[in-house]
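Engineer: fold the stuff below for me.
(one chain, ligands or ions: 1)
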Amino acid sequence: MASSPLLALFWFRRDLRLADNVGLFRALTENDAVIPVFIFDKDILDELPRQDRRVAFLHGAIADLKARLQAAGSDLVVRHARGREAIPALVKEFGASAVFTNEDYEPDAHQRDAAVIDALDALGIPLRLFKDTVIFSSSEILTKQGRPYTVFTPYKNAWRKALKPEHYAEAPSMDHLKSLKKVDGGKMPTLEALGFEPLSSKDPHPEPTPDGASKRLDRFVAKVIDGYKQSRDLPAVPGTSYLSVYNRFGLLSVRHLVRASLKAIEGSQGAAREGAETWLSELVWRDFYFQFLYHHPTAVDGPYREEYTALEWENDDGLFQAWCDGQTGYPLVDAAMAQINSTGYMHNRLRMVTASFLTKDLLVDYRKGEAYFAVALIDYDQAANNGGWQWAASTGCDPQPYFRIFSPSRQSERYDPDGEFIKRFLPVFKDVPGKYLHAPWEHTAKLAEYGIELGKHYPKPVVDHDERRLKALDIFKAARAAAQR
Ligand SMILES: Cc1cc2nc3c(=O)[nH]c(=O)nc-3n(C[C@H](O)[C@H](O)[C@H](O)COP(=O)(O)OP(=O)(O)OC[C@H]3O[C@@H](n4cnc5c(N)ncnc54)[C@H](O)[C@@H]3O)c2cc1C
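Structural biologist: Residues are numbered from 1 along each chain as shown. The predicted structure follows:
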């Protein structure tokens, strides 16, 4: 008797592409037919603000994926439901014998997968999970003692040593699209039907397609990567890849990025080689924070370093609000907050500066800033955001030491010497020479020549950095001393 053909679902999550997709490749090659599905998960979406750049980007990326699948003779079955219920329901609806998907390492995603596995178990159906989002998954790079790394440099060295061509080889999913099932996926729900409002037309919309991602990568490799080691710290110039939103939703595979960086490394020497090496290190940071959070999920709730759980943050609401609104009187900080508020993106150097300023100058608990970024960033990624915040607050794994506190004015002089970035986001200063913008309170007479009065046209500094620095040192020392008692 002929056995019945194998039919699987492929569940897209943070891998919204057809090309170089490990789970999709495995589904297509291990089954006779594959039905692609995507769930707008109510458990996640119901928590979000009704106008949300990430949801708008995701919605655009799903519409594009659906169109590509239709062009390939199939379709994307889209549901607006709770993932843990929708997947078993779809299995029953289509009579599938397995569900294939790529691993997601966030604690909530892990719990969702455990619930889906239980529900599918009851139907006798497996959830097949594959590594796709990272080069090395959580337990592939361990210390000699078999423990997860908590310090980046030895992790990076071990990562580089372990890297073999098979780790970044392309998964040729595109060659097997004929195994996609002809299916009617129904209409794509509108953003409004999902309960969200469209963004204002003035909002910058990164093109939510793999082609949009490829354009950014091509520009970066052609024009920027050679000088990346220096340019990456200068917010006024297009000196980084701007791929983070695409990496968040998996519109390009991380293997593709590693292949691009290795090609740049092999084809260059000297400073250009260092540029490409430095960029590859950023991709290693991404793996590092994923594996860290996987092994330390409680870092989502509070400081990884226990001695800092009792830090006495001041948590002044007015100061926190001034930071959120970009009204601190420190132009680089305020310009950075204007960038995140108006575009959903913030330059990495400025994420460090604003996070340091909130925690060490304003003495506000880093979790408040972390939560603010989580809503404001279009590239929000729990592992990277938590890692970045705990780095800046000195509470995390391999953090900035608590006694090395950024001076916002020095950071401004160093990384935006001509005030070009500041002027772009704080137009009140557009005619003022950059040298007066790093510490404007020291140049009130000069600013008056340009019609600017502090406290009227631009805020006076909300705190004195030198005083607050000493206060921050005190509260960190007190927490350390208390922990030793
Ligand atoms: C407080 C704070 C919060 C952050 N929150 C996030 C976040 O929510 N999402 C996010 O993707 N990154 C976050 N980062 C890391 C970093 O700022 C961004 O990844 C980077 O600015 C994105 O710009 P890019 O794509 O041009 O990066 P590039 O410099 O071109 O780097 C290439 C890619 O490497 C990855 N990457 C770079 N730096 C890091 C890092 N430190 N940790 C993990 N991955 C990294 C990103 O995927 C990035 O697209 C945060 C950093 C800090 C200090």
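Engineer: give me the domain ranges for the protein.
Structural biologist: Split into domains by automatic domain parsing, the chain comes to 7-132, 134-169+212-295, 306-479.
Engineer: can you list these in a markdown table and add mean pLDDT, mean neighbour count and distance to Arg485?
Structural biologist: Every residue, glycine included, has its C-beta placed from N, CA and C. Rendered in a markdown table, the data for those read as follows (pLDDT from 0 to 100; neighbours: other C-beta atoms under 10 Å; distance: least, C-beta to C-beta, whole Å):
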| stretch | mean pLDDT | mean neighbour count | distance to Arg485 |
| --- | --- | --- | --- |
| domain 7-132 | 97 | 19 | 32 |
| domain 134-169+212-295 | 97 | 18 | 25 |
| domain 306-479 | 98 | 19 | 11 |
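Engineer: how about Leu58: what's its closest non-neighbour residue?
Structural biologist: Phe249 (6.4 Å; C-beta to C-beta, 6 or more residues apart in numbering).
Engineer: just checking, that neighbour touches Arg14?
Structural biologist: Yes. Using C-beta atoms under 8 Å, Phe249 is in contact with Arg14, at 5.9 Å.
Engineer: returning to what we had before: dump the domains of the chain into CSV; add distance to Asp203 as well.
Structural biologist: Shown next, in CSV, are the domains of the chain (distance: least, C-beta to C-beta, whole Å):
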stretch, distance to Asp203
domain 7-132, 7
domain 134-169+212-295, 13
domain 306-479, 8
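Engineer: closest to Asp184 out of the ones you listed?
Structural biologist: Proximity to Asp184, assessed across the domains of the chain by C-beta to C-beta, is greatest for domain 7-132 (6.2 Å).
Engineer: got the end-to-end distance for that closest one?
Structural biologist: End-to-end distance for domain 7-132: 22 Å, by C-alpha to C-alpha, to the nearest Å.
Engineer: so is it next to the ligand?
Structural biologist: No. Residues of domain 7-132 are not located near the ligand by C-beta under 6 Å from any ligand atom, the shortest gap being 10.3 Å.
Engineer: now do that domain: distance to the chain's middle.
Structural biologist: Domain 7-132 sits 20 Å away from the centroid of its parent chain (C-alpha atoms, centre = their mean, to the nearest Å).
Engineer: what sits against the residue nearest to Leu58?
Structural biologist: Contacts for Phe249 (C-beta atoms under 8 Å, 6 or more residues apart in numbering) come out as 14, 16, 57-58, 61, 208.
Engineer: out of these, which sit inside helices?
Structural biologist: Counting by DSSP state H, these place 57-58, 61 in helices.
Engineer: just put those in CSV and tack on distance to Leu129.
Structural biologist: Shown next, in CSV, are the ones in helices among the contacts of Phe249 (distance: C-beta to C-beta, whole Å):
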residue, distance to Leu129
Phe57, 25
Leu58, 21
Ala61, 22
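Engineer: looking at those, spot the one nearest the ligand.
Structural biologist: Closest to the ligand out of the ones in helices among the contacts of Phe249 is Phe57 (13.1 Å), distances taken as C-beta to the nearest ligand atom.
Engineer: and the gap between the residue nearest to Leu58 and the ligand?
Structural biologist: Between Phe249 and the ligand the distance, using C-beta to the nearest ligand atom, to the nearest Å, works out to 11 Å.
Engineer: is it true that Leu363 touches Arg469?
Structural biologist: No. Leu363 is beyond contact range of Arg469, at 10.6 Å (criterion: C-beta under 8 Å).
Engineer: following the longest helix seen in the chain, which helix or strand comes up?
Structural biologist: Taking DSSP H as the criterion, the chain has its longest helix at helix 270-295. Using DSSP states H and E, the next helix or strand after helix 270-295 towards the C-terminus is helix 317-324.
Engineer: that next one near the ligand anywhere?
Structural biologist: No. Judged by C-beta under 6 Å from any ligand atom, helix 317-324 and the ligand are separated, with a smallest distance of 12.8 Å.
Engineer: what's the following helix or strand after that helix?
Structural biologist: Next along the chain after helix 317-324, taking DSSP H and E as the criterion, comes helix 331-343.
Engineer: the residue nearest to the spatial centre of the chain and Arg54: what is the separation?
Structural biologist: By C-alpha atoms, centre = their mean, the chain has its centre lying nearest to Asp381, at 3.5 Å. Separation of Asp381 from Arg54 (C-beta to C-beta, to the nearest Å): 10 Å.
Engineer: got it, and Asp317?
Structural biologist: In this view, Asp317 and Arg54 are 26 Å apart by C-beta to C-beta.
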